[in-house]
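Participant: Sequence first, predicted model second:
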Amino acid sequence: MSPVRCSGQVIESKIGSSLFDYADAINVRVPTSCGRNGQCHECIVEINSGHDSLNNPSEEEFFLGNNFRLACQTKITNTDKVIEFSILRRQPRILIESINRRVSHDPMVQRNGDTVSFNGSYLDKYRNSILGIAADIGTTTIVMNLVDLETSNILGTSSFENPQKFGGSDIMNRISYDGGKFSGELRQVMLSALNFEIGELTKQSNLHRRQIYEAVFVGNSTMRDLLFNYDVQSIGQKPYRSITESLFLKGEIDSTALNIKAKDFGLRVFPDANIYGGPLIGSHVGSDVAADILATAMGENEEISMLVDIGTNTEVVLGNSDKMIVASCPAGPAFEGGEISYGMPGYDGAIESLTFSETGTKYKTIGNKKPQGICGSGLIQILSELIRTKQMNELGVFEKSKQKIVLAPDQEISISRSDVSSLAQAKSANYSGQFITMRSYGVNTNQISKLYLAGGFANYIIPECAIDIGFLPNISSEKITKVGNASLEGATIMLKSKFFRKQIEEKVKLIDHIELETCDDFFEIFVEGCMFKPMPKILA
């Protein structure tokens, strides 16, 4: 009986076992978010030897060629030959950079002589450093800063994939998972990951985790409340409110912000450290958007500005110091690789830009690797290019009734009519949210002084291409500013300044939340948004 080899380790082969089973046995991490049914296309492995001892590729593996397989679909059929496979350690391109707003140094935790105090009350004796953690708890990725609270300097940054993906890739699936028999597992795996990363961050700076006296966490309503051990089932049902939002609306609490001691939270820092959850805005619009608002200062200026934080759920914020409104757009995963034949997240090998010319296609991949699929920024430019070169009309119909257009012939990567239909609906969710928000506020695109694009996906798109297909408002590109991970910056500001923390706690109480589906003409707007053309500058 021949062995199976992976990552320098050897294990006895067994007929019927999948390569995922072998990875589990030797504690090698393989990315997945679909429950190992072949749908997420994440568990790609390379077969180095022993092809003949494996089952034939399944339908779910149609997009792979040469020596690549999905670990969950690949099973041992013969134990006579050595089988060797290697893991493709595909990590999404996580955006750490963001807008940098200078604020006054005024943390809740300060040094008073030989002691450390929190909001004026004794906390601990001074032990050479006073540290804090600020983190953006995203549905897909987590990004965290270690901050010196005596100088406001950022000592280190850590980024990693959200380990909760086994509970589903979107919010509604995770709410459903946490409401089942495995309730609490999502929080536990997140807490374990945070504790590990905090240990790594402090170790790199030759510091101790017990010198951390406060942590600030922001995220959408579900991510934040899961982390703080709140029941999130009410967020998944109309009117989609968290427990904290409902209590605030009843007048039982004066803010949706949360505070709990580390020893009760389970975070391995100074036991009496304060763990702060940023305030929510409303429904699915959470403290990550509140952090965006704080980082951009858009709620402190007279000029009207707009912020679009693009993701599976896109959030739209519009307003100024006098009035602000927000909306949440359930765009779905199409622009993040889901439901698209050759779609994929921002891993190495993803086509991130593409142009058509008389000599064919010219594309660029992340990491300059051989193309494996198409990420969101690439999909937006491809749609724009198809319109520009008249290979597709505004309705998404290909010329000469084609059903697909080949983009990378050698790898047989293409985009199909079915793909375009899925992208049209995802695009229209963004379109509708932006259109209705502007109309509700009573402004046209020319009255918006600045458009902030937040999030990792938004950082890599070409604004002109997004405007051409109606993904973004028809606004001068000179008014567009990419602010990167503004949520992390906002969380860091909440950590550094109690003045601005209090300011955003009060600001969110005045922001109006719009339910898009309640608009009488929502369906008509959505249908219009499915067309690949610029958004009107004058909104009826």
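Facilitator: Happy to help now that I have it.
Participant: starting at the chain centroid, how far to the worst-scoring helix or strand of the chain on mean pLDDT?
Facilitator: The weakest-scoring helix or strand in the chain, judged by mean pLDDT, DSSP states H and E, is helix 456-460 (a mean of 81). Distance of helix 456-460 from the chain centroid (CA atoms, centre = their mean, to the nearest Å) equals 10 Å.
Participant: Just say helix, strand or coil for residue 362.
Facilitator: Residue 362 carries the three-state label strand when classified by DSSP: H, G, I helix; E, B strand; the rest coil.
Participant: nearest spatial neighbour of it, skipping sequence neighbours?
Facilitator: Among residues not flanking residue 362 along the chain, residue 355 sits closest, at 5.2 Å (CB to CB, 6 or more residues apart in numbering). Every residue, glycine included, has its C-beta placed from N, CA and C.
Participant: my read: residue 74 touches residue 22, true?
Facilitator: No - with contact taken as CB atoms under 8 Å, residue 74 and residue 22 are classed as non-touching, separated by 9.8 Å.
Participant: Name the nearest residue to the residue nearest the centre of the chain, sequence neighbours excluded.
Facilitator: Closest residue to the average C-alpha location of the chain: residue 140 at 4.4 Å, with CA atoms, centre = their mean. Excluding the flanking residues, the one nearest residue 140 by CB to CB, 6+ apart is residue 162, at 5.6 Å.
Participant: if we can go back for a sec, quick check: the residue nearest to residue 362 touching residue 385?
Facilitator: Yes - if you go by CB under 8 Å, residue 355 and residue 385 touch, sitting 5.8 Å apart.
Participant: Between those two, which is the more surrounded one?
Facilitator: Remark: of residue 355 and residue 385, residue 385 carries more neighbours, 20 against 14, as counted by other CB atoms under 10 Å.
Participant: now the strand or helix carrying that one, how far from the centre of its chain.
Facilitator: Assigned by DSSP states H and E, residue 385 belongs to helix 376-388. With CA atoms, centre = their mean as the basis, the distance from the averaged C-alpha position of helix 376-388 to the chain average is 21 Å.
Participant: what does it contact?
Facilitator: The contact list for helix 376-388 (CB atoms under 8 Å, 6 or more residues apart in numbering) reads 334-337, 340, 343, 346, 350-356, 363, 374, 392-394, 398, 405, 407, 415, 420, 423, 427, 457, 460-462, 464-466, 468-469, 471, 532-533.
Participant: Please, a ChimeraX command that selects the buried ones among those residues?
Facilitator: Burial among the contacts of helix 376-388 is assessed by 16 or more other CB atoms under 10 Å; the matching ChimeraX selection reads:
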select :334,335,336,337,340,343,346,350,351,352,353,354,356,363,374,392,398,405,407,415,420,423,427,457,460,461,465,466,468,469,471,532
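Participant: Go through the contacts of helix 376-388 and flag which are in strands.
Facilitator: If you go by DSSP state E, the contacts of helix 376-388 have 350-356, 363, 374, 405, 407, 415 in strands.
Participant: how about these in CSV, adding distance to residue 238 and pLDDT?
Facilitator: Shown next, in CSV, are the ones in strands among the contacts of helix 376-388 (distance: CB to CB, whole Å; pLDDT from 0 to 100):
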residue, distance to residue 238, pLDDT
350, 36, 89
351, 39, 94
352, 38, 93
353, 40, 94
354, 41, 95
355, 44, 95
356, 45, 93
363, 43, 94
374, 35, 93
405, 41, 94
407, 41, 94
415, 36, 96
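Participant: now, among those, which is nearest to residue 101?
Facilitator: Closest approach to residue 101 among the ones in strands among the contacts of helix 376-388 (CB to CB): residue 352, at 28.0 Å.
Participant: neighbours around residue 102, how many?
Facilitator: 8.
Participant: Report whether it is found in a helix, as I expect.
Facilitator: No - using three-state DSSP, the assignment for residue 102 is coil, not a helix.
Participant: how close does it sit to residue 338?
Facilitator: For residue 102, the distance to residue 338 equals 38 Å [CB to CB, to the nearest Å].
Participant: Could you report the separation of residue 422 from residue 41?
Facilitator: With CB to CB as the criterion, residue 422 and residue 41 are 15 Å apart.
Participant: out of the two, which sits in the more crowded spot?
Facilitator: Using other CB under 10 Å, the more surrounded residue of residue 422 and residue 41 is residue 41, with 22 against 19.
Participant: pretty sure residue 516 contacts residue 433?
Facilitator: Yes - between residue 516 and residue 433 a contact is recorded at 6.0 Å, counting by CB under 8 Å.
Participant: Give the intersection of the neighbour lists for those two.
Facilitator: The contact lists of residue 516 and residue 433 share 327-329, where a contact means CB under 8 Å, 6+ apart.
Participant: Could you pull out the helices in the stretch 301-450 of the chain for me?
Facilitator: 376-388, 417-441 (DSSP state H, counting those that start in this stretch).
Participant: So for the longest one, what gets flagged as buried?
Facilitator: If I follow you right, that is helix 417-441. Applying 16+ other CB under 10 Å to helix 417-441 flags 419-420, 422-424, 426-441 as buried.
Participant: For the following helix or strand past that helix, enumerate the helices and strands it packs against.
Facilitator: With elements assigned by DSSP H and E, the helix or strand that comes after helix 417-441 is strand 450-454. Helices and strands touching strand 450-454, by 3 or more CB pairs under 8 Å, 6 or more residues apart in numbering; DSSP states H and E, are helix 287-296, strand 305-309, strand 480-484, helix 486-496.
Participant: Now render those as JSON lines, adding distance to residue 247.
Facilitator: JSON lines is the format used below for those (distance: least, CB to CB, whole Å):
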{"stretch": "helix 287-296", "distance to residue 247": "16"}
{"stretch": "strand 305-309", "distance to residue 247": "26"}
{"stretch": "strand 480-484", "distance to residue 247": "32"}
{"stretch": "helix 486-496", "distance to residue 247": "21"}
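Participant: closest one to residue 177 among the ones you listed?
Facilitator: Set against residue 177 and scored by CB to CB, the helices and strands packed on strand 450-454 come closest in helix 287-296, at 20.7 Å.
Participant: counting contacts, what elements does that closest one pack onto?
Facilitator: strand 131-137, strand 212-218, strand 305-309, strand 313-319, strand 450-454, strand 480-484, helix 486-496, helix 498-507.
Participant: Can you add mean neighbour count, mean pLDDT and distance to residue 115 and give these back as CSV?
Facilitator: Formatted as CSV, these follow (neighbours: other CB atoms under 10 Å; pLDDT from 0 to 100; distance: least, CB to CB, whole Å):
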stretch, mean neighbour count, mean pLDDT, distance to residue 115
strand 131-137, 28, 97, 16
strand 212-218, 27, 98, 11
strand 305-309, 25, 95, 40
strand 313-319, 24, 92, 40
strand 450-454, 24, 95, 39
strand 480-484, 20, 93, 37
helix 486-496, 29, 96, 20
helix 498-507, 17, 96, 18
